[in-house]
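J.: I would like the atomic coordinates for the input below:
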Amino acid sequence: MAQRGTVHRSAGRGEASASGGGSSRRALIAGAAVAGAGIVTGLAAGSGSAVAAVGDPVLAGGSVTSTGTTTVTTTGAGQTGFRGVDQSGGTSTAGVQGTSTSGTGVSGGSTSGDGVSGYTSGNGHYGVTGFDGSSGGGSGVLGNSDNGTGVQGYSSSGAAGVYGFVGPGTGIGVHGASVGGDGVRGGSTSGIGVNGSSGTGDGVHGSSNDGTGVSAESATGHAISGAITSSSNGQAAIVGSSTGTAAGAGVQGTSVRGTGVLGSSTSGTGVKAMSTSGPALAVSGKVTFSRSGIATVPHGRKSVTITLPGVTASSLVFATMQQVLGSLTVLAAVPASGSFTITLTGTPASNVKIAWFIVN
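T.: Okay, the predicted model is just below:
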């Protein structure tokens, strides 16, 4: 059986050779003439590229210029339509490379799978990488979607699904913007939806010209939670500040039915108010204190003792009668360990109500 002839071309030398037991001498000469004519035509055009007509073969090691579209179709199940392999060992070479002067360098599409897929097994490298070298500031990687997610990141090893990094400077590692929706949204079924960390700066920073810099909401848990994990860190877990001249609030909390702002501490101060020149605490509305109440001095007695955990001998106890009974009044309110005693100036003929309030 006659073997199929193969033509090999060296673009640098313009040599042509043929092999195949069934090829005639005339076919050899004709093949060499065709290859030589293609090389001469390309060199005459001013480059090392071979200008091919539509339907001409693509030869390895050469460069072909055509006015038509070259299509490679594979019908074998599980096979790849076109595959490029780089075994040069270089760090800046590519298995497949596409460039364009004004359009897309490489475009991939699929009706049911991934349009473009990237993979790497090298440590510290990336499955897909994009670079923008424009002077006007473009995007290294851009993702668009009509109905779904423009860019999605996933990790099954505990690492980041999406990671943004900025070298020396004041750039943004990850930036999200939206005309009418969420610029950045994070969600999780059991972990952290959005996690921000920094060595010396802001872990998460949000800003807005007219709206809310950072907005958080939760159906059953905390919308925003802050924690200090170091015992030597005396800073606040959550800080709010206002530097405007319109007397805005540093921290504001509102609630329809519950507590607008809640502060608690197991051994320190639950809520602390300070001001250098204005009121440290201003209250508009009713005020309730757990260390206040009403005591009753029974008729025929001059005093009553109230037990209250946390009271010490140095506590400040204020007491006043809630009714007028001639010259009868409160003589003293004396604190002790775990209790305090209110004494009247005389013995009432009926029960007397005494309002009390404890500080410290």
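J.: average pLDDT for stretch 307-321?
T.: Mean pLDDT, stretch 307-321: 96.
J.: how about it, which residues are buried there?
T.: 308, 311, 315, 317, 319, 321 (16 or more other C-beta atoms under 10 Å). No exception for glycine: its C-beta is placed from N, CA and C like everyone else's.
J.: from one end of that stretch to the other, what's the distance?
T.: 19 Å (C-alpha to C-alpha, to the nearest Å).
J.: how close does residue 167 get to residue 286?
T.: Residue 167 is 56 Å from residue 286, where distance means C-beta to C-beta, to the nearest Å.
J.: my error: substitute residue 308 in the last question.
T.: Relative to residue 286, and taking C-beta to C-beta, residue 308 is found at 22 Å.
J.: residue 149 too?
T.: 49 Å.
J.: and the two? Which one has more around it.
T.: residue 149 (8 against 5; other C-beta atoms under 10 Å).
J.: strands along the stretch 1-150 of the chain, start to end?
T.: 6-10, 15-19, 50-51, 64-65 (DSSP state E, counting those that start in this stretch).
J.: contacts for stretch 222-230?
T.: Residues outside stretch 222-230 that contact it (C-beta atoms under 8 Å, 6 or more residues apart in numbering): 214, 216-217, 235-238.
J.: and the residues you listed, which two are furthest apart?
T.: Greatest spatial distance among the contacts of stretch 222-230 (C-beta to C-beta): 217 and 235, at 25.8 Å.
J.: quick one: the closest residue to residue 270 other than its chain neighbours from residue 253, how far?
T.: Of all residues not flanking residue 270 in the chain, residue 263 sits nearest, at 4.4 Å (C-beta to C-beta, 6 or more residues apart in numbering). As defined by C-beta to C-beta, residue 263 lies at a distance of 10 Å from residue 253.
J.: for residue 153, same thing?
T.: Taken as C-beta to C-beta, the span from residue 153 to residue 253 is 34 Å.
J.: domains in this protein, by residue range?
T.: 6-65, 292-359 (automatic domain parsing).
J.: thinking again about what came up before, out of the buried residues of stretch 307-321, which are inside strands?
T.: 317, 319, 321 (DSSP state E).
J.: now the residues you listed as JSON lines including distance to residue 342?
T.: Below are those laid out as JSON lines (distance: C-beta to C-beta, whole Å):
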{"residue": "317", "distance to residue 342": "8"}
{"residue": "319", "distance to residue 342": "5"}
{"residue": "321", "distance to residue 342": "10"}
